[in-house]
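Trainee: task: produce atomic coordinates for the following.
(2 chains)
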Amino acid sequence: MTIRNLNFKHRVAVVGAGLTLFRSRLLETPQELAWLAAKQALDEAGLTLKDIDCVVIGSAPDAFDGVHMKGEYLAEGAGGVHKPTIRVFVGGATGVFVPIAAWWHVASGLCKRVLAVAEEKMSHAAKPHTQYVFRYIWDPIVEKPLNPNLIWIFAMEMHRYMHKCGVKKEDIALVSVKNKRNACGHPSAQLCMPNITVDDVLKSEVLVWPVQLLDISPTSDGAAAVVLASEEEARRITDTPVWIKGIGWTLDTTHWTNRDLAYPEYVRRAAEMAYRMAGIDNPRKQIDVAEPYDPFDYKELHHMEGLGLAKKCEAPILTREGVTQRDGDLPINPSGGLLGVGNPISAAGLMKVAEIFWQVRGEAGERQVKKPVYTGLAQAWGDLMQAGTVIVMGI
Amino acid sequence: MDNRYSFKELQHIEALRLAPRGMAKELLADGAFCPGGRLPVNLSGGALAEGVPFEVHGLARLSYAVGVMRGEIKAEVDKAETAVVHSWRGVPTTTSVAAVLRI
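Mentor: So this is what the prediction gives:
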């Protein structure tokens, strides 16, 4: 199969997914978390580790777990010992990059059944706060002397977006309210807040204006896993495989001074690649449900626009009109997203892929969106805030 | 192959089944792995001579083998039709990658 410059041999399906609780200070070790998720995904697919040909592990910075060479460390829990195993890493974008890497293992014809596991344990490593991990990600000459931190950078981006699109804090807070309420239907969720209001968000502690405490996802531990299989294997394993229709990833420049802060170019390019593969030319009409990356509330809006699910500056309007609610015309983050379910970096991205898997299968329980789901999308973002990863799945 | 510790070269020779288990040291003493020997190993000098810039090290092994096979690097080998390239992630891992190259 060839779609412009993309060549692959096999169609690939997701046949099982698994998820641990997302919490701060879980007692399990990172290896144990990885296995809990992996076992659940294998069980759902009706497979055992013996059936798995290759393993793909995703984990963001080593420093989060406080273990260097975390891929090798996690291989034990992720079922990768004595198998062709690889760890992939694009910071926050890793969660969606894991199934992308697993996809090419299968699409190339190299492996038939692949276990993809993402894990992060952020509560026990960097002290006094995980933010300290990010002290050394900056350009040592141009940026480090300013001593920036992540929230500082996001505050600039949020400000820029608000300014350029004329968005009010109240509109952005609606995203946080929606997702933290949605999370109440998720058994893994860390921040189910059924009665949260816009006022609560606006009154929460100011971290770096305009970013406030309830604009941000929490610090979390957790793991997620999916099992991928070639078409032939998938049909043998299950009657309801969920096909991976398109994948895309891209990197923008790491110099935030050279990026458009109001519009996520890294998402647009990744989405274009995935849409081309999936044959999607009108995402707003052809995507039934989406899980864009929402570590901050404004990022959901930002990413909806980058994904073409809303026009530039239109996402806050769709949100205000209720279009993005679980029973809306375009449900966004019905899982509760990172703001509600939690944010164990790479596991959070893979949680979104699992959510789309369950939504397409109609197995999302309380979280199942009201409209029929034929095609869904998950997206993550990260690295030095310039990596975009997109996956389109469907029946 | 990876030889960032001298004994690792012997271990890896045996694990790649280029020598029977336990025999690598004798073959080494007989000069089998030397330039012009029966099975020249690490003509580049490998990690012990070149140094180990971690991830660069493995790919450098591969590019060296390609250079020898294409005759771009002058090396004392009788034949250069098939090569095996190996890399190890290093302490504390037990992670390895191997590639077989053939003209």
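Trainee: which stretches of chain B form strands?
Mentor: For chain B, applying DSSP state E gives strands covering B:82-88, B:96-102.
Trainee: A:A45 touches A:I237, doesn't it?
Mentor: Yes. Using Cβ atoms under 8 Å, A:A45 is in contact with A:I237, at 5.7 Å. C-beta here means a position set from N, CA and C on the backbone, and glycine is covered the same way.
Trainee: identify the contacts common to those two.
Mentor: A:15, A:229 (Cβ atoms under 8 Å, 6 or more residues apart in numbering or on different chains).
Trainee: closest point of chain A to chain B, which residue?
Mentor: Nearest residue of chain A to chain B (Cβ to the nearest Cβ) works out as A:E72 at 4.2 Å.
Trainee: what strand or helix carries that residue?
Mentor: In this structure, A:E72 sits in helix A:70-78 according to DSSP states H and E.
Trainee: which helices and strands does that helix pack with?
Mentor: Using 3 or more Cβ pairs under 8 Å, 6 or more residues apart in numbering or on different chains; DSSP states H and E, the elements in contact with helix A:70-78 are helix A:30-45, strand A:54-58, strand A:85-88, strand A:113-121.
Trainee: parallel or antiparallel, which strands does the third one pair with?
Mentor: By that I understand strand A:85-88. When pairing is defined by DSSP bridges, strand A:85-88 lines up against strand A:54-58 (parallel).
Trainee: without its sequence neighbours, what residue ends up closest to A:E205?
Mentor: Excluding its sequence neighbours, the residue lying closest to A:E205 (Cβ to Cβ, 6 or more residues apart in numbering or on different chains) is A:L213, at 4.4 Å.
Trainee: all helices of chain A, in order?
Mentor: A:30-45, A:62-65, A:70-78, A:94-107, A:150-165, A:169-182, A:198-203, A:231-237, A:265-278, A:283-286, A:297-306, A:315-320, A:337-340, A:345-361 (DSSP state H).
Trainee: which single residue of chain B ends up nearest chain A?
Mentor: B:T93 (4.2 Å).
Trainee: who's in contact with the closest residue to that residue other than its chain neighbours?
Mentor: Excluding the flanking residues, the one nearest B:T93 by Cβ to Cβ, 6+ apart is A:E72, at 4.2 Å. Neighbour list for A:E72: A:87, B:89, B:92-95 [criterion: Cβ under 8 Å, 6+ apart].
Trainee: number of nearby residues for the residue nearest to B:E9 when sequence neighbours are not counted?
Mentor: Leaving aside its chain neighbours, B:E9 sits nearest to B:N3 (3.6 Å; criterion: Cβ to Cβ, 6+ apart). The local packing of B:N3 (other Cβ atoms under 10 Å in any protein chain shown) involves 24 other residues.
Trainee: do the same with B:M1
Mentor: Around B:M1 there are 23 residues (other Cβ under 10 Å).
Trainee: distance check, the closest residue to A:A38 other than its chain neighbours against A:T29.
Mentor: Leaving out its chain neighbours, the residue that sits closest to A:A38 by Cβ to Cβ, 6+ apart is A:A225, at 4.5 Å. Going from A:A225 to A:T29 by Cβ to Cβ, to the nearest Å gives 16 Å.
Trainee: tell me the most buried of the helices and strands packed on helix A:70-78?
Mentor: A comparison of these by mean neighbour count, using mean count of other Cβ atoms under 10 Å in any protein chain shown, puts strand A:113-121 on top with a mean of 31.
Trainee: show me what that one is packed up against.
Mentor: Packed against strand A:113-121, as judged by 3+ Cβ pairs under 8 Å, 6+ apart, are the following elements: helix A:30-45, strand A:54-58, helix A:62-65, helix A:70-78, helix A:94-107, strand A:221-230, helix A:345-361.
Trainee: deepest in the core, which of those is it.
Mentor: Scoring those by mean count of other Cβ under 10 Å, the most buried comes out as strand A:221-230, with a mean of 30.
Trainee: what's that strand packed up against?
Mentor: If you count contacts as 3+ Cβ pairs under 8 Å, 6+ apart, strand A:221-230 packs onto strand A:12-19, helix A:30-45, helix A:94-107, strand A:113-121, helix A:345-361.
Trainee: partner strands of the shortest one and their direction?
Mentor: In other words, strand A:12-19. Under the rule (DSSP bridges), strand A:12-19 has strand A:221-230 (antiparallel), strand A:242-251 (antiparallel) as partners.
Trainee: adding mean pLDDT, write those out as a markdown table.
Mentor: Conversion of those to a markdown table gives the following (pLDDT from 0 to 100):
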| stretch | mean pLDDT |
| --- | --- |
| strand A:221-230 | 98 |
| strand A:242-251 | 96 |
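Trainee: which among the ones you listed is found nearest to A:Y161?
Mentor: strand A:242-251 (19.8 Å; Cβ to Cβ).
Trainee: just want the angle from that closest one to helix A:94-107.
Mentor: Angle, strand A:242-251 to helix A:94-107, by axes from the mean of the first three to the mean of the last three Cα atoms, to 10 degrees: 120 degrees.
Trainee: so which of the contacts of A:E72 comes closest to A:C184?
Mentor: The closest of the contacts of A:E72 to A:C184 turns out to be A:R87 (Cβ to Cβ; 33.6 Å).
Trainee: which positions in chain A make contact with chain B?
Mentor: Counting by Cβ under 8 Å from any Cβ of the partner chain, the residues of chain A lying close to chain B are A:69, A:72, A:75, A:85.
Trainee: if we go to 10 Å?
Mentor: Listed as neighbours of chain B in chain A under the rule Cβ under 10 Å from any Cβ of the partner chain: A:68-69, A:71-73, A:75, A:80-82, A:84-87.
Trainee: what residues does A:E232 make contact with?
Mentor: A:E232 makes contact with A:10-11, A:112 under the criterion Cβ atoms under 10 Å, 6 or more residues apart in numbering or on different chains.
Trainee: same deal with A:K70?
Mentor: The contact partners of A:K70, taken as Cβ under 10 Å, 6+ apart, are A:30, A:57, A:59-64, A:87, A:89, A:119-121.
Trainee: fine by me, we can end here.
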